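Asks: Provide a 3D model corresponding to the input given below.
(chains A and B)
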There are 2 protein chains.
Amino acid sequence: MDSPQQSDRLIGVTAGRDKEEHSAAVEDKGQTSADFSRIYSTDLLPAPGGEEMTGEFLKELVNILLAYISKSSQRSSKVLDFHHPHQLKEGLECFTLDLPDKPEPLEQLLVDCRDTLKYGVCTGHPRFLNQLSSGLDVVGLAGEWLTSAANTNMFTYEVSPVFVLMEEFLLRKMQSIVGWSDDVGDGIFCPGGTISNLYSVLLARYHFYPEVKTMGMGVLPQLALFTSEQSHYSVKKSAAVLGMGSKNVFMVKCDDRWVTSKYTNRFLGLVPFYVNATAGTTVYGAFDPLDAIADICQRHTLWMHVDAAWGGGLLMSDRHKMKLRGIERAWSVTWNPHKMMGVPLQCSVILVKKRGLLQECNDFGAEYLFQTDKIYDVSYDTGDKSFQCGRHVDVFKLWLMWKAKGSEGFGAQVNKCLENAEYLYDQLQRRTHFELVLKNKPEHSNVCFWYIPPSLRSLPPGPDRDARLHQVAPRIKGRMMEKGSVMIGYQPLGDKVNFFRCVFSNPATQQEDVDFLLEEIARLADDL
Amino acid sequence: MDSPQQSDRLIGVTAGRDKEEHSAAVEDKGQTSADFSRIYSTDLLPAPGGEEMTGEFLKELVNILLAYISKSSQRSSKVLDFHHPHQLKEGLECFTLDLPDKPEPLEQLLVDCRDTLKYGVCTGHPRFLNQLSSGLDVVGLAGEWLTSAANTNMFTYEVSPVFVLMEEFLLRKMQSIVGWSDDVGDGIFCPGGTISNLYSVLLARYHFYPEVKTMGMGVLPQLALFTSEQSHYSVKKSAAVLGMGSKNVFMVKCDDRWVTSKYTNRFLGLVPFYVNATAGTTVYGAFDPLDAIADICQRHTLWMHVDAAWGGGLLMSDRHKMKLRGIERAWSVTWNPHKMMGVPLQCSVILVKKRGLLQECNDFGAEYLFQTDKIYDVSYDTGDKSFQCGRHVDVFKLWLMWKAKGSEGFGAQVNKCLENAEYLYDQLQRRTHFELVLKNKPEHSNVCFWYIPPSLRSLPPGPDRDARLHQVAPRIKGRMMEKGSVMIGYQPLGDKVNFFRCVFSNPATQQEDVDFLLEEIARLADDL
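Replies: Numbers count the residues shown, from 1 in each chain, chains lettered A, B, ... in the order given. Predicted coordinates:
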C-alpha cells in the first residue's frame, strides 16, 4: 500500500506539508523560477491553490520552447544532432525513454523537454528543406497552443461553437478561392492529405453507388480509378483500404497527357468512375492539365478529384494561381494548408462540390451525440459528416494565421518560396557539376538535381555511371545528417537514379541558404 | 500593386523604419508588455531580430491562456457562455469570423484569442461532465505545446527520431499492460478511436484475405461482422467505409451474452470473420464478457477486437482492471488515452497482436519517404504501417504525463473518477425524484438517470408519462447551457426515453460538483 502522503500526491490533494514546501519553492517568482525539484504535477491545477505553480511551470516550459525556437532560426545552429536509434534507446546523458511507476518532479519533466528538443530535428530551421511541410509560423504556433488549452472536439456545436463556425467560414472561403459559386460546396478538415484523398474516393463511390454504404462492394461492379504515375501513393492506399484493390488504380503515363481512350482495352470489364489529377506532384511539383482532364471526366461522367495537397497554396498567389486553371471544375479538392501555407501540422482540407454528400455518405446519427432535440440549430453539429467520431481542432491556427497575414500575406509567402526555387534553378545551371533532372523552370517550389562528385566526372553516360550516381545522394544525405548542417530529400523516380529534391515551403529560407546548400553538397562529396 | 513597405511587411523583411517602431513598442519589457497595436506577424521570427518580439507575443498569449485555465478551474465561473450560431456569426462585441486581405496587428490577434476562449466551452471546468474526454491536464498541455513547437511528422525516424522511439516504447508498455507477451504485439497512434476501430476491421480482413489489398472486395465472400447493440457506431462506420456494408454488421442483443450460435440462420451465405467486444460502452460504461467472447472467437477462428477506447484506462487501476479480464486474448485493442487517462485530444492507440501485419496491410513503399538506403536502421521508419501518410505527433503528451504521474498516478486518477461515479450512484438512490436507468452499481464512471419534474410525479407509468419524460432531459439541458452552470449529456437508448448520462473523466471534479449537479437539475426543472 501507498503511504498517505503518496496517495495524496497521486490523486492531487495538496497537503499542508506541501503548501509549505510550495511557498519556499517559489520564493522570488519575479526574478528566479521556482524550485521544480520539489514540485509534482499534483501541485498544479486543478489542485487547490495550484494557479501560481501552474503559471510558473508553463512559463518555464515556454522559456525552453522560446530558446529552441530562437536557436532553430539561427543559421549557426545545427538542423539536427543525429543519433542512431540504438543510441537514443540506450539513453544519452541521463535522457531515457523509460517511464516510472512513481511520479517524477517537474524539474525532471523540464529536463526531458529540453532533451526531447535537443535530439529532435529543427523543422523550422532555414536549412531544413527535407519535406513539403517545414518552417515554424509563430502565430500558427500560438493557434495550436490555444487549441490545446481549449482541448475540445469538433463533433458538435455544443462543445465547439466557435471552432465549428470557423471551420464553416474557412471552408467557404477556400471553396470560393477554388472558384466554386456560393450555391455549391461543402468540406471538412481531415487528419492529413491521405485521409482527404481517401474521402474523395469514398464520396465518388457513394455518389455513383449509394447502396454501397449498407450493402458493401458485393453489389457493385468492379471499379477502376485513374491517376498519374507521379501522383501521391494515397490514391492506391485509398483503393486498398476502401476494398477496391490497388491493382484497379490505373497509373496514367505522364507524357500521355491523360488521353484515356488509349486505355480502354486495359480495363475491360471494369467501370471507370474516378480520376485523380494532381496539382503539384510530390517529387517534381508538376501540375496535371486540369482543364483537359475535366473535359474527359465530363465526357465520361467520371468523378474528378484534384489532389492539390501541395499545389493548393499557389491559389493564394495572383502570380501563380493560373497553374491550377480548371480546378473549379473538380468535384472534390484536397488542399493542405500545413504544406505550402506553412500552417503547423496537421491542417488538411477536403472540399466537396456536391453539398450534403459528406453527410449522406458518412452519417449514422448516433443519438448520444447528435440529438435532434437540442436548443440550437443542429445543422451545426457537423461530426456526422466525418468518418471519424472525435476530431481534433485543426482550424483555429489557420484562421489566426489568416488574420495575421491576410490573404495577401499568404500570397507573398508563396511567391517568396517560388522565388527561392527559381534562384536554385538558376544556380544549378550556372554552377558546374550539378545537373538538373528536368530542364524546364520549376512550376512549383520543387527543384530536382544530381551532384556529380569528382570520381564520376570522367565517366561516360550509361549503366555503370548510373549505378554509381545512384549511391551518391544517399551518401551525401547521410553525411548531411551526421554533420547536421542542412537537410534535403532524395529519391529515384522511374528510370532516374537517386536525385536530390529541394522543396521550399519555409519562409525562413533565403537565397544565402540556397548557396549554402550547393556549397555544402560539394564539400560533403569532395572525396566521392 | 502594393507599396514597397506593404510588400516588405507581407514577406517578413523588417525595414529600418520598423526597427525603430519596434524598440519604442517594447520599451519596458520587464514590467509592461509591448504595444502590439503596431506589431505584425512579420516582425516575429524568422524575421531578423524577431526573437524579442516573438517572446513578448507568446508570453502575452500564455498570460491569456493562463487566465483562461485559472478561470476554467473555478467553480464560480461559467462552464460556457452560450450563444446561438447566428449570434456568433453576426458578430459579438467586435468579434467577427471574417478574414482580411491585409495583415492585422498582433493586438487584434490577442483580442481574437481572448474572444475565441470566451465564446467557447470550458472542457476543463470541474462541472463539464458532457463527454468521455474532459479536464485539462497541465503537463499534457505542456506536452502539446512542445509538440507544436517541434512541428514534425511521425512518418520517418529521419524527421522524428525521439517521437518515433517514444511511440515504440509506449506501444510496448501498453501491450504489456494489456497482457501480451514480449514476443507479440504491434500498434500505432491514430487520430481518434473510430479510426483505431477502423484499423481493426481493416487488419482482420487483410489477415484472412490478404489478396483484398490488390484485388479488392470483388474476390472475397460476403463478410459478416459482430458487435453488441450498445457498441460504438464506429463498427458500422468502418464496415461502410471499407466496402463491407453496414447491414452486414450484426448487432448482438446485450442480454444474449454473445451466444452467437442463435444467429446462424441470420447470416446464411455470409462469412463471419470479426467480432468487436466493448470494454466500456459509450452510454452505460458496460463491459462485455471478454473471456466468453474470446472462447467463441477461438472456436470459430474469428478476429477478436476489443474496443477499450473508454474502458482501457481502467487497466491502469489495480482496483478496476479485472473488469477487462480476457482482453489479453484479443487480436487487437483500441485504447484512447485521451478519454479516461485525461490526455489532451487527440491520443488514441490501436494495438495489434500479430507483429508485422500493420506494415503488410498498409505499405506501398513510397520511395520519396521510405528509402531503403538511409544511414540508419529503416525499420524505424514506421510511416508505412499507417494508412495515413503524414501523421500528427500524439505520443509526447502521453509520455510526459506518464513521467509526471507514474503508472500509479494514472491508477489513482481512474480510481478517483470511479469513486465520483459511485458517489453519484449513492446520491441518486438517496435523493427523491431521481431514477436510475440501471439498478446495478456502475462498472465504469458512467451513471445514467432520469429526473422526474413536479408535473410528472403523479403520472402512472406508461406511454404518456414516457412521452413527457422524453422531453425533460433536453429541456433541462437547454437551460443548463443557457445558464452555463454545468454540462451533462443525455440520450435515449433502445426503449428507454431520454435520460441523463453523467461521466467522470475530469480529475478536477469533486463530490461537491456531484451534489451541485443534482441540485441544479432540480432547480432548473422546478417549473416543468
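Asks: Now tell me what touches stretch A:351-362 from outside.
Replies: Stretch A:351-362 is contacted by residues A:171, A:174-175, A:178, A:180, A:184-188, A:199-200, A:202-203, A:206-207, A:210, A:213, A:330-335, A:384-387, B:237, B:240 when judged by Cβ atoms under 8 Å, 6 or more residues apart in numbering or on different chains. Backbone N, C-alpha and C define where each C-beta goes, glycine included.
Asks: name the helices or strands packed onto the helix or strand where residue A:251 lies?
Replies: Assigned by DSSP states H and E, residue A:251 falls within strand A:249-252. On a contact count with 3 or more Cβ pairs under 8 Å, 6 or more residues apart in numbering or on different chains; DSSP states H and E, strand A:249-252 meets strand A:223-228, helix A:234-241.
Asks: Listing partners with orientation, what would you give for the helix or strand just after that strand?
Replies: Sequence order places strand A:271-278 as the next helix or strand after strand A:249-252, per DSSP H and E. The strands beside strand A:271-278 in its sheet (DSSP bridges) come out as strand A:223-228 (parallel), strand A:303-307 (parallel).
Asks: Any chance of TSV for the helices and strands packed on strand A:249-252, columns mean pLDDT and distance to residue A:194?
Replies: Shown next, in TSV, are these (pLDDT from 0 to 100; distance: least, Cβ to Cβ, whole Å):
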stretch	mean pLDDT	distance to residue A:194
strand A:223-228	96	13
helix A:234-241	97	4
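Asks: so how many other residues sit close to the residue nearest to residue A:84 when sequence neighbours are not counted?
Replies: Using Cβ to Cβ, 6 or more residues apart in numbering or on different chains and skipping the chain neighbours, the partner closest in space to residue A:84 is residue B:376 (5.4 Å). Applying other Cβ atoms under 10 Å in any protein chain shown, we find 19 residues neighbouring residue B:376.
Asks: Touching, residue B:376 and residue A:85? I think so.
Replies: Yes. Residue B:376 is within contact range of residue A:85, at 6.3 Å (criterion: Cβ atoms under 8 Å).
Asks: overlap in contacts of the two?
Replies: Each of residue B:157 lies in contact with both residue B:376 and residue A:85 under the rule Cβ under 8 Å, 6+ apart.
Asks: Please identify which of the strands paired with strand A:271-278 is closest to residue B:395.
Replies: For those, proximity to residue B:395 was assessed by Cβ to Cβ; strand A:303-307 is nearest, at 28.0 Å.
Asks: could you dump the closest one to PDB, C-alpha only?
Replies: Written as PDB, here are the backbone C-alpha positions of strand A:303-307 (Å, rounded to 0.1, in the frame of the first residue of the first chain):
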ATOM      1  CA  TRP A 303     -15.700  12.000 -60.600                       C
ATOM      2  CA  MET A 304     -12.800  14.500 -60.900                       C
ATOM      3  CA  HIS A 305     -10.700  14.900 -57.800                       C
ATOM      4  CA  VAL A 306      -7.800  17.300 -57.700                       C
ATOM      5  CA  ASP A 307      -5.100  16.400 -55.200                       C
END
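Asks: hang on, the earlier thing: rebuild the helices and strands packed on strand A:249-252 as CSV, extending it with mean neighbour count and distance to residue A:351.
Replies: Output for these, formatted as CSV (neighbours: other Cβ atoms under 10 Å in any protein chain shown; distance: least, Cβ to Cβ, whole Å):
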stretch, mean neighbour count, distance to residue A:351
strand A:223-228, 26, 18
helix A:234-241, 26, 16
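Asks: No further queries at this time; thank you.
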